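**Student:** Pasting the sequence and the predicted coordinates here, then a few questions.
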Amino acid sequence: MSTSTGKREPAFRLDNERLAFRFTATLSDRGGVPVERLPDPGRLDDWLAANDLRLSSHRATPSDLALARRLREAIHRAGTDVARGATIQRADLTLLNTLAREARAYPALTRTGMRWLSDADNHVEASLGLVAADAVVILGGEERGRVKTCENPDCGGLYVDTSQGRSRRWCSMNYCGNQMKKARFRHGAPAARTP
């Protein structure tokens, strides 16, 4: 996608089933050469729109972008802690819980489906609160024991393993799974079975 400066930005990775973990993928390839998909406030607006989280026509500001990146990293650290069986850092807990609480967002039924609305003054922050709320539900709810990190050493992405045998290895079979299978093939190793 091209921006107003004409620079082509990397596409968003929207293949994760969980909103909070999809948001962490706005910084991908964490173990290799990181790819920043939120370089400016306009791209944050684009990501919110791509995930049906634009609550109004208000545009993201540089401070909204800074908050979004803080949230993204708090979710990633907390998710990685949960996947490893470690304790979530207090600062990350505070940020996630505060944003989730202050979102004041609610679903509204429309003639064509559902849309999110908010009574908050800052609608971008309210949208981020919905992302934080999803992280709270994943990391503190029934799916907590199924949170994993991608086995692609360049990725570091998070996902919820919903496979019957809890044997899923990749954040996305279409992306990381295929990359790893291609790498094994190029190096002559047999491809491992994936669920």
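**Tutor:** In hand now; what should we look at?

**Student:** Centre of the chain to the biggest helix by length in the chain, how far?
**Tutor:** Longest helix in the chain, counting residues (DSSP state H): helix 62-84. Relative to its chain's centre, helix 62-84 lies at 9 Å (C-alpha atoms, centre = their mean, to the nearest Å).

**Student:** Tell me which residues are up against it.
**Tutor:** 20-21, 23-24, 26-27, 30, 38, 40-41, 44, 60, 86-89, 91-93, 95-96, 99, 122, 124-125, 128, 131-132, 135, 138-139, 144, 147-149, 156, 158 (C-beta atoms under 8 Å, 6 or more residues apart in numbering). C-beta: built from backbone N, CA, C; applies to glycine.

**Student:** Give me the buried entries from those residues.
**Tutor:** 20-21, 23-24, 26-27, 30, 38, 40-41, 44, 60, 88, 92-93, 95-96, 99, 122, 124-125, 128, 131-132, 135, 138-139, 147-149, 156, 158 (16 or more other C-beta atoms under 10 Å).

**Student:** what about the residue nearest in space to the middle of the chain, helix or strand, and which?
**Tutor:** Nearest residue to the geometric centre of the chain (C-alpha atoms, centre = their mean): Phe23, 2.2 Å. Assessed by DSSP states H and E, Phe23 sits inside helix 19-24.

**Student:** Against which helices or strands is that helix packed?
**Tutor:** With contacts taken as 3 or more C-beta pairs under 8 Å, 6 or more residues apart in numbering; DSSP states H and E, helix 19-24 sits against helix 62-84, helix 123-140, strand 158-160.
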